[in-house]
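A.B. asks: sequence unknown, structure follows:
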Ligand SMILES: NC(=O)C1=CN([C@@H]2O[C@H](COP(=O)(O)OP(=O)(O)OC[C@H]3O[C@@H](n4cnc5c(N)ncnc54)[C@H](OP(=O)(O)O)[C@@H]3O)[C@@H](O)[C@H]2O)C=CC1
Ligand SMILES: O=C1O[C@H](COP(=O)(O)O)[C@@H](O)[C@H](O)[C@H]1O
């Protein structure tokens, strides 16, 4: 997130996992769109790495197929794809074999000679987390990494499997690279609407005075998905919703909502402010986990007229899997701004709707002169930040309904990206890849942030591991998760907010 972007210096990008799903769906489309928008460097090359037997031509075809399915621009843009594809090559190698890394060193030498300069050399590790330490330790001896200015390594989430493995991975990376070279990616931070939380809070004088425990009743974050694990059973069995979504995306969203004002947009300043929030999250004791955290797993059932399998019937999933596909947690942040304000978060697969939203529920008016029957009062003021797929911000307040009776109803003031701007917003990975090429780490995770986020969830993970679930599967596809999730918030006299339909009460 630079104040202004400039076209990056020449870049040579190696994508470990070049034959994988993430590259097919997200990375290649993002690089293609950056190329069309003229953000790619004048001199660049992309080398996809994998064991599958592609040659350059079949690999480019495979990537174009991904563009047609997943890119925001799905065609060749009048021949631009062909020009872009000339910069793409495939390197078939087994990343677990040290001797094969010479091929990488060779390509770097060739490209240096071709460009007439030392390019940014970027290693994007789009592979399963268990491969990461091996790759990192084999890149070191190539000595390409010694150039701290130009060489960068991008590590996909999940960063480690738990606190201990994350610390170990950090140690390994620190032995090979300078912290400035390491880009721990969390694609939520590249989303326009997530970045806009900072603009909303800190570029307006309007919200910040009331953005605290005196005016805010509670905050909710929902990241629900309608998809199941979609062939990723192998990965998901060692993950689960808490590791997959809460440790990273949701805690990062929570930090954006709860952090103090930064004094600048310097990468470390923003990251310091965010890590302060993680450190202030109230430590959860194992004994209270069952009171503040809920887990769920989807059964087989129906969604939108289609029969869908249960999690335990997915490919590569154990028939008695204890892995959660849903979780809801109540956090508290022990600092002056947020003392005793609950943050309810929930995420799950195969839920009723795809929505990522932050809801800021303000307290009720202190005294209500209107007749009590005129309206429900406590939900009157609410700010809803829709991150995806809707991209808008809605401020809800009470208004008098037209007519002779004194009846109030909530109305929404809406800022919609689509209506407000003609420009198409870039995909998260476009922003993040451009930042990597430019060497800007503001939207990436620092090692202490990753560790602090693991510390927050470790008590839950440990308690759940000690007590396997007895009621799985416990929610049906197309629902809002297990009943316990409703109970978690209802016990506090509140309920989950879903995306408001504009003016539905009219
Ligand atoms: N898919 C997604 O939407 C998202 C994925 N991520 C993260 O990205 C990472 C990759 O995920 P995804 O793309 O889905 O996984 P895939 O299973 O689709 O891809 C794994 C990749 O790793 C490569 N690979 C595995 N073993 C080796 C080896 N020994 N040598 C060389 N290459 C190897 C595979 O290549 P080959 O089989 O050719 O050897 C393949 O390209 C994960 O950490 C995931 O959490 C993060 C956000 C979203
Ligand atoms: O990182 C991940 O995120 C996706 C959800 O991303 P979104 O941008 O579509 O909200 C999730 O499906 C996946 O399990 C997880 O690994």
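C.D. replies: Cool, got the structure. Computed from a predicted structure; not experimentally measured. Numbers count the residues shown, from 1 in each chain. Ligands and ions are numbered 1, 2, ... in the order given.
A.B. asks: from here on, contacts and neighbour counts on C-alpha atoms
C.D. replies: Noted.
A.B. asks: Leaving out chain neighbours, which residue sits closest to the residue nearest the centre of the chain?
C.D. replies: The structure's the chain has its C-alpha centroid closest to residue 188; by Cα atoms, centre = their mean the separation is 2.9 Å. Leaving aside its sequence neighbours, residue 188 sits nearest to residue 249 (Cα to Cα, 6 or more residues apart in numbering; 5.8 Å).
A.B. asks: ok, that neighbour - how many residues close by?
C.D. replies: Applying the criterion other Cα atoms under 10 Å, we find 18 residues in the vicinity of residue 249.
A.B. asks: ok, now how distant is it from ligand 1?
C.D. replies: Applying Cα to the nearest ligand atom, to the nearest Å, one obtains 10 Å for the distance of residue 249 from ligand 1.
A.B. asks: correct me, but that residue touches residue 185?
C.D. replies: No. Taking contact to mean Cα atoms under 8 Å, the distance of 10.2 Å between residue 249 and residue 185 leaves them out of contact.
A.B. asks: How about the stretch 351-500 of the chain: which residue is closest to ligand 1?
C.D. replies: residue 429 (10.0 Å; Cα to the nearest ligand atom).
A.B. asks: Show me the shaky parts of the protein.
C.D. replies: When residues are selected by pLDDT under 70, those of the chain lie in 1-3, 145-149, 378, 499-506.
A.B. asks: which helix of it spans the most residues?
C.D. replies: Across the chain, the longest stretch assigned as helix under DSSP state H is helix 447-466.
A.B. asks: Using the record's assignment, carve this protein into domains.
C.D. replies: As given by automatic domain parsing, the domain ranges for the chain are 11-156, 189-363+440-504.
A.B. asks: could you redo those domains as JSON lines and give each row distance to residue 163?
C.D. replies: JSON lines is the format used below for those (distance: least, Cα to Cα, whole Å):
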{"stretch": "domain 11-156", "distance to residue 163": "14"}
{"stretch": "domain 189-363+440-504", "distance to residue 163": "5"}
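A.B. asks: ok, residue 31 touching residue 430?
C.D. replies: Yes. Between residue 31 and residue 430 there is a contact at 6.6 Å, judged by Cα under 8 Å.
A.B. asks: Near residue 471, how many other residues are there?
C.D. replies: Neighbours around residue 471, by other Cα under 10 Å: 11.
A.B. asks: Show me the helices in the stretch 251-400 of the chain, by range?
C.D. replies: Counting by DSSP state H, counting those that start in this stretch, one finds helices in the stretch 251-400 of the chain at the ranges 251-258, 267-280, 289-292.
A.B. asks: Of all those helices, which one is nearest ligand 1?
C.D. replies: helix 251-258 (14.7 Å).
A.B. asks: Name the residues that touch that closest one?
C.D. replies: Applying Cα atoms under 8 Å, 6 or more residues apart in numbering, the contact partners of helix 251-258 are 188-189, 194, 197-198, 221, 274-275, 277-278, 338, 453.
A.B. asks: Just checking the distance from it to the centre of its chain.
C.D. replies: For helix 251-258, the distance between its averaged C-alpha position and the chain's averaged C-alpha position is 11 Å (Cα atoms, centre = their mean, to the nearest Å).
A.B. asks: which other residues reach stretch 150-170?
C.D. replies: By Cα under 8 Å, 6+ apart, the residues outside stretch 150-170 that reach it are 118-127, 129, 132-133, 144-145, 181-186, 239, 243-244, 248, 436, 447, 450-451, 454-455, 458.
A.B. asks: Buried residues, that stretch. List them.
C.D. replies: 150-163, 166-167, 169-170 (16 or more other Cα atoms under 10 Å).
A.B. asks: Over to stretch 191-200?
C.D. replies: With burial defined by 16+ other Cα under 10 Å, the residues of stretch 191-200 counted as buried are 191-198, 200.
A.B. asks: Any chance of a markdown table for the residues you listed, columns distance to ligand 1 and secondary structure?
C.D. replies: As requested, those are arranged in a markdown table below (distance: Cα to the nearest ligand atom, whole Å; DSSP: H, G, I helix; E, B strand; the rest coil):
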| residue | distance to ligand 1 | secondary structure |
| --- | --- | --- |
| 191 | 13 | coil |
| 192 | 17 | helix |
| 193 | 18 | helix |
| 194 | 16 | helix |
| 195 | 18 | helix |
| 196 | 21 | helix |
| 197 | 22 | helix |
| 198 | 23 | helix |
| 200 | 26 | helix |
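A.B. asks: Could you let me know which of these ends up closest to residue 391?
C.D. replies: Minimum separation from residue 391 among the buried residues of stretch 191-200 (Cα to Cα) is found for residue 193, which lies at 6.6 Å.
A.B. asks: Tell me if I'm right that the closest one and residue 387 touch.
C.D. replies: Yes. Proximity of residue 193 to residue 387 meets the contact threshold set by Cα under 8 Å, at 5.1 Å.
A.B. asks: out of the buried residues of stretch 191-200, who's nearest residue 25?
C.D. replies: Checking those against residue 25 by Cα to Cα gives residue 191 as the nearest, at 16.0 Å.
A.B. asks: Now do the contacts for the closest one.
C.D. replies: By Cα under 8 Å, 6+ apart, the contact list for residue 191 reads 387, 427-428, 431.
A.B. asks: quick one: which of the residues you listed is most hemmed in?
C.D. replies: For the contacts of residue 191, counting by other Cα under 10 Å, the largest number of neighbours falls to residue 387: 24 neighbours.
A.B. asks: could you measure it against residue 355, distance?
C.D. replies: Distance check for residue 387 against residue 355: by Cα to Cα, to the nearest Å, it reads 8 Å.
A.B. asks: Please apply the same query to residue 266.
C.D. replies: With distances taken as Cα to Cα, residue 266 is found 31 Å from residue 355.
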